[in-house]
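Undergrad: Take this sequence and fold it.
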Amino acid sequence: PRLAAGGRCGPNKVWPWRGYTTRYVSLNEEVSPSSAPSVVLVHGLFSNADHWRKNVPELAAAGCRVFAIDTLGSGYSAKPAPSDPRAMAISGERRFEGNEAVAVVDDLGTARGSPRRGGPFRVPQTHPCSGSPYNFFTWAEQLCDFTEHVVLAGNKTGPVVLVCNSIGSITGLQAMVDRADLFAGACLVAPNFRELHVAESPPFSQPLTRVVQSALREYGAGLFRNLATPSVVRSILTSQPYADVAAVTDELVDALLAPLLLPGADAVVFDTLSYSAGPLPEQLLQDPALAAPVFVCFGTADPWTPAPRVEALSRFAPVRKVLPLRDSGHCPMDETPHLVNDFVLEFLRDHLRLLP
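TA: The predicted model follows:
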């Protein structure tokens, strides 16, 4: 693949994980993890490490070791078929074998920011397509192994902070629940509340949703080929997640589209769109295993993340700050990168005391 931002994020690197390739970029990786804080950037839905091309160089210049990873199925990492037995064997949902895969959650929010009535809530955790590896538990395990074996290189002596966008926030929080020993904290950038989750959508709409999801998995390849074009991607970005249309450049469109044209990408996309279960942000933020501090920011013009619900995350003990970013959409790290970079550096300097 072409290098993000003309190589300003470093060369593409490959790390083998459970028999599959993982692509990442990094700056200052050669610095000892005990000498500088490590920052791991986790992308959102149908995105990849190149979405952080405006953040990697700046955070590295501030003295951080910086890594941006493509999770399994995304970017230039491997894209095994969801029903491939070898891929199914590495699914993080194996942890539920023999146990009920439902989380009982006391507190979920609403778009208005008020607590949802009728709790406690039963939140199904496993992918409706049984055995699919494309779930938050797989991605969290990948992120934990990447942190332990690449970022820390077995050292385990340096602080690691996660910076996650959109649904990447759930991957990051789940990783922090799974391995609290690895992470000093996290910054969530426009966290996503997963409106297609069965615990988030009205029951009357779910049968139709399942029919559409099944049809897309079975017959969606042609539709995907017609939609995976520069003009369509640009139109989607400017009409939905991006508030600043000037930020939707040819470079951005190419960075997001090129990996989606690789073999296997369409199957991953439709499998992920069928993933209407798994952990939710509020569920993870009230998990007693999550003790590290969390900063949250969001764009005030984000059409996908209700501002009152994000602001209400401050009710959870790990959340130390919630910051609105004026006039930014769902991808503030790309639309207003200077604000996000300052936000992350504030977390590292003023809250965690990891930078001078």
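
Undergrad: Show the contacting residues for residue 141.
TA: By CB atoms under 8 Å, 6 or more residues apart in numbering, residue 141 lies in contact with 92, 175, 178. Every C-beta, even on glycine, is put in place using the N, C-alpha and C of the backbone.

Undergrad: err, residue 149, not the other one
TA: So residue 149 contacts residue 15 (CB under 8 Å, 6+ apart).

Undergrad: Quick check: phi and psi at it.
TA: phi -100, psi -20 (degrees, to the nearest 10).

Undergrad: Just among the contacts of residue 141, which is most surrounded?
TA: residue 175 (29 neighbours; other CB atoms under 10 Å).

Undergrad: Need the three-state assignment for that residue.
TA: The three-state assignment at residue 175 reads helix, by DSSP: H, G, I helix; E, B strand; the rest coil.

Undergrad: cool, residue 320 as well?
TA: strand.

Undergrad: now do residue 26
TA: Classified using three-state DSSP, residue 26 is strand.

Undergrad: Also residue 254?
TA: Per three-state DSSP, residue 254 ends up helix.

Undergrad: returning to that earlier point: and of the contacts of residue 141, the nearest to residue 216?
TA: Lowest distance from residue 216 to the contacts of residue 141 (CB to CB) belongs to residue 92, with 23.5 Å.

Undergrad: The closest residue in space to the closest one that isn't next to it in sequence in helix, strand or coil?
TA: By the measure of CB to CB, 6 or more residues apart in numbering, the closest residue to residue 92 outside its immediate chain neighbours is residue 137, 2.9 Å from it. Recorded secondary structure, residue 137: helix (three-state DSSP).

Undergrad: can you pull the pLDDT of the residue lying closest to residue 48 once chain neighbours are set aside?
TA: Nearest residue to residue 48 in three dimensions, chain neighbours excluded: residue 75, at 2.7 Å (CB to CB, 6+ apart). Turning to residue 75, the model gives it a pLDDT of 96.

Undergrad: And for residue 4?
TA: pLDDT for residue 4: 59.

Undergrad: shaky segments in the stretch 1-150 of the chain?
TA: 1-6 (pLDDT under 70).

Undergrad: Would you mind extracting the C-alpha trace of stretch 85-97 into CSV?
TA: The C-alpha coordinates for stretch 85-97 follow below in CSV (Å, rounded to 0.1, in the frame of the first residue of the first chain):
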residue,chain,number,x,y,z
PRO,A,85,-12.8,-22.6,10.1
ARG,A,86,-9.2,-21.4,10.6
ALA,A,87,-10.4,-17.9,11.2
MET,A,88,-13.3,-19.0,13.4
ALA,A,89,-10.8,-20.9,15.6
ILE,A,90,-9.2,-17.6,16.6
SER,A,91,-12.4,-15.8,17.5
GLY,A,92,-12.3,-14.0,20.8
GLU,A,93,-15.8,-15.2,21.5
ARG,A,94,-14.4,-18.6,22.4
ARG,A,95,-14.2,-17.2,25.9
PHE,A,96,-18.0,-17.8,26.1
GLU,A,97,-17.9,-21.5,25.3
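
Undergrad: which parts of that stretch are buried?
TA: 87-88, 90-93 (16 or more other CB atoms under 10 Å).

Undergrad: want to throw those into JSON lines with distance to residue 251?
TA: Below are those laid out as JSON lines (distance: CB to CB, whole Å):
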{"residue": "87", "distance to residue 251": "31"}
{"residue": "88", "distance to residue 251": "36"}
{"residue": "90", "distance to residue 251": "33"}
{"residue": "91", "distance to residue 251": "34"}
{"residue": "92", "distance to residue 251": "33"}
{"residue": "93", "distance to residue 251": "36"}
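
Undergrad: re the thing from before, from the contacts of residue 141, pick the one nearest residue 70.
TA: For those, the nearest to residue 70 is residue 175 (15.5 Å; CB to CB).

Undergrad: Which residues are in contact with the closest one?
TA: 140-141, 143-144, 147, 162, 182-183.

Undergrad: Redo the residues you listed as JSON lines? Include distance to residue 28 and secondary structure.
TA: Putting the contacts of residue 175 into JSON lines (distance: CB to CB, whole Å; DSSP: H, G, I helix; E, B strand; the rest coil) gives the following:
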{"residue": "140", "distance to residue 28": "25", "secondary structure": "helix"}
{"residue": "141", "distance to residue 28": "25", "secondary structure": "helix"}
{"residue": "143", "distance to residue 28": "19", "secondary structure": "helix"}
{"residue": "144", "distance to residue 28": "21", "secondary structure": "helix"}
{"residue": "147", "distance to residue 28": "16", "secondary structure": "helix"}
{"residue": "162", "distance to residue 28": "17", "secondary structure": "strand"}
{"residue": "182", "distance to residue 28": "19", "secondary structure": "coil"}
{"residue": "183", "distance to residue 28": "18", "secondary structure": "coil"}
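
Undergrad: From those residues, list the buried ones, please.
TA: Among the contacts of residue 175, the ones that count as buried (16+ other CB under 10 Å) are 140-141, 143-144, 147, 162, 182-183.

Undergrad: Which parts of the chain are strands?
TA: 13-17, 20-27, 38-42, 65-69, 102-105, 121-124, 160-166, 185-191, 294-299, 319-325 (DSSP state E).
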